[in-house]
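1. A predicted structure for the sequence below; I have some questions about it.
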Number of protein chains: 2
Amino acid sequence: MGDFMERTELLPILLELFRQQGYAGVSIADVSKATGLGKSSLYHHFPEGKEQMAREVLQHVEVGVRESFVAPLKAVGDPHERLREMTKMVEDFYDGGRKGCILDGLTLGAASEPFRQMVARSVEAWVAAMASVAVEAGLSKKVARERAEDALIAIEGSLVLSRALGDQKAFKRVIKNLPQRLLGETNL
Amino acid sequence: MGDFMERTELLPILLELFRQQGYAGVSIADVSKATGLGKSSLYHHFPEGKEQMAREVLQHVEVGVRESFVAPLKAVGDPHERLREMTKMVEDFYDGGRKGCILDGLTLGAASEPFRQMVARSVEAWVAAMASVAVEAGLSKKVARERAEDALIAIEGSLVLSRALGDQKAFKRVIKNLPQRLLGETNL
DNA sequence: TCTAGCGTACCGAACGATCGGTACAGTGTC
DNA sequence: GACACTGTACCGATCGTTCGGTACGCTAGA
């Protein structure tokens, strides 16, 4: 039998559960079913239980954000091209709008507090990287920062709306317009 | 005590619970505590249980959206002024960004399906009203519709971000810029 | 080389608490 | 008496968590 269930295989599965169901909506039985591991095995890997699972998922996400979103933005080359590279990764990560955001799923309800700091770190890293690209493209620091925050807001909002309506076109439009939103010459 | 807890007093309390905790995060015990009503009383008022509670909250929200958001937009007078009126109501309803959105809270997880249609109706009514104001202000139908959808996306996104970061400034900035976002002369 | 002992990985069963929901006997008001 | 409403007691199911135990590979001592 495929022994050796490692964290690197476990965490993506947990991520998937939490982002779709939210923290309160995921039961240990769900996790057991999704991973194929018995309950007690789960507590072997995560002695502090469900909250630890969510914490480690968030750590895993932080790494993913840096590798998939921030890194392309910090690469060399044309700012527009780098931004397009990032949007591709974003579209992929959210599966074209079909999958929700863990920032959303893990901050609903009273369970949010243990996670807030980790969430904030990921958000800040991503926004800062987008802002930095915008500065490089010629925008002022202040405008760049606002545009970057707006971009993240648009992504999160479109994910909520796409999920609520069961229709991905809101997300797709936001993704398509994201480079223009961040670097374009609007007077907003 | 001839207390007489009516739906009109019950539903705002339920709304408060669901928007803060999400559907899965709210237990009947929570509802009982928040309303002061025993379980049997709750099941007297809502024979179909928790799902009915959420459904009626959503109906209640639909009415609220029409009365508080759509109606001001459909009033007579300067489009900018009407829009400013709406943003005031929005800011109030979300308590300056401190309170979440039920569209978000009630569409997380598998519980979403019974509610999707109702959610879609509220969203459509609101977006259509905003788009109509934008058309009146001189924008083309297509651009107006996109701007209206973007406005809603920005509101939802800023609510998620404000909650995640425990900081309302994202929401406040979106609210402040909302008239410009909808009616302004950006080239986006 | 045998084997005792240890650590890692896993499991089903069961824990007490809480879940959503029901049964029923009231209570007060018309 | 009919009816709206409520408290108490209870149901089976599920919650997150813990229990006792198994299987297996590694290491060390004899």
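-> That came through, no problem.
2. just give the nearest non-adjacent residue to the spatially most central residue of chain A, would you?
-> Nearest to the mean C-alpha position of chain A, by CA atoms, centre = their mean, lies A:C101 at 5.4 Å. Here the nearest residue to A:C101 in space, its sequence neighbours aside, is A:L159; by CB to CB, 6 or more residues apart in numbering or on different chains that works out to 5.2 Å. Placement of C-beta: from N, CA and C, glycine included.
3. how deep is the one you found tucked in, by neighbour count?
-> When neighbours are counted by other CB atoms under 10 Å in any protein chain shown, A:L159 registers 28.
4. spit out the contact partners of it.
-> If a contact means CB atoms under 8 Å, 6 or more residues apart in numbering or on different chains, then A:L159 has A:Y94, A:G97, A:G100, A:C101, A:D104, A:F171 as its contacts.
5. number of nearby residues for A:D92?
-> What A:D92 shows, counting by other CB under 10 Å, is a neighbour count of 10.
6. what's the distance between it and B:A71?
-> Between A:D92 and B:A71 the distance, using CB to CB, to the nearest Å, works out to 42 Å.
7. rewinding a little: I'd say the residue nearest to the centre of chain A and B:R163 touch.
-> No - the pair formed by A:C101 and B:R163 falls short of the contact definition of CB atoms under 8 Å, at 11.9 Å.
8. A:I153: helix or strand, and which one exactly?
-> Under the criterion DSSP states H and E, the helix or strand holding A:I153 is helix A:141-165.
9. name the next helix or strand downstream of that helix, please.
-> Toward the C-terminus, helix A:141-165 is succeeded by helix A:169-183 as the next helix or strand (DSSP H and E).
10. buried sites along that next one?
-> For helix A:169-183, burial by neighbour count (16 or more other CB atoms under 10 Å in any protein chain shown) applies to A:A170, A:F171, A:R173, A:V174, A:I175, A:N177, A:L178, A:P179, A:R181, A:L182, A:L183.
11. what's the mean pLDDT across it?
-> Mean pLDDT, helix A:169-183: 96.
12. next, the contact list for whichever residue of chain A sits closest to chain B, please.
-> Here the residue of chain A nearest chain B is A:G157; by CB to the nearest CB that distance is 2.7 Å. With contacts defined as CB under 8 Å, 6+ apart, A:G157 is in contact with A:V174, B:L152, B:I153, B:A154, B:I155, B:E156, B:G157, B:S158, B:V160.
13. need those residues in JSON lines with distance to A:H44, can you?
-> As requested, the contacts of A:G157 are exported to JSON lines (distance: CB to CB, whole Å):
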{"residue": "A:V174", "distance to A:H44": "41"}
{"residue": "B:L152", "distance to A:H44": "45"}
{"residue": "B:I153", "distance to A:H44": "43"}
{"residue": "B:A154", "distance to A:H44": "44"}
{"residue": "B:I155", "distance to A:H44": "44"}
{"residue": "B:E156", "distance to A:H44": "39"}
{"residue": "B:G157", "distance to A:H44": "39"}
{"residue": "B:S158", "distance to A:H44": "41"}
{"residue": "B:V160", "distance to A:H44": "34"}
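14. from those, which is closest to DNA strand D?
-> The nearest member of these to DNA strand D, counting by CB to the nearest atom of the strand, is B:V160 at 22.6 Å.
15. can you report phi and psi for the residue in chain A positioned nearest to DNA strand D?
-> When distances are taken as CB to the nearest atom of the strand, chain A approaches DNA strand D most closely through A:G49, which lies 2.5 Å from it. Main-chain torsions, A:G49, degrees, to the nearest 10: phi 80, psi -150.
16. and the residue nearest to it when sequence neighbours are not counted, what pLDDT?
-> Of all residues beyond its chain neighbours, the one nearest A:G49 is A:Y43 (6.6 Å), with distances taken as CB to CB, 6+ apart. What the model reports for A:Y43 is a pLDDT of 96.
17. where's A:Y43 relative to A:Q20, distance?
-> Taking CB to CB as the measure, A:Y43 and A:Q20 are separated by 23 Å.
18. who's more crowded, those two?
-> Looking at A:Y43 and A:Q20 with other CB under 10 Å, you find the greater number of neighbours at A:Q20, namely 18 against 15.
19. run through the residues that contact that one.
-> For A:Q20, the residues meeting the contact criterion (CB under 8 Å, 6+ apart) are A:K99, A:G100, A:G105, B:L108, B:G109.
20. in the strand or helix carrying A:P72, what's buried?
-> A:P72 belongs to helix A:71-74 when elements are defined using DSSP H and E. Neighbour counts using 16+ other CB under 10 Å place A:P72, A:L73 of helix A:71-74 among the buried residues.
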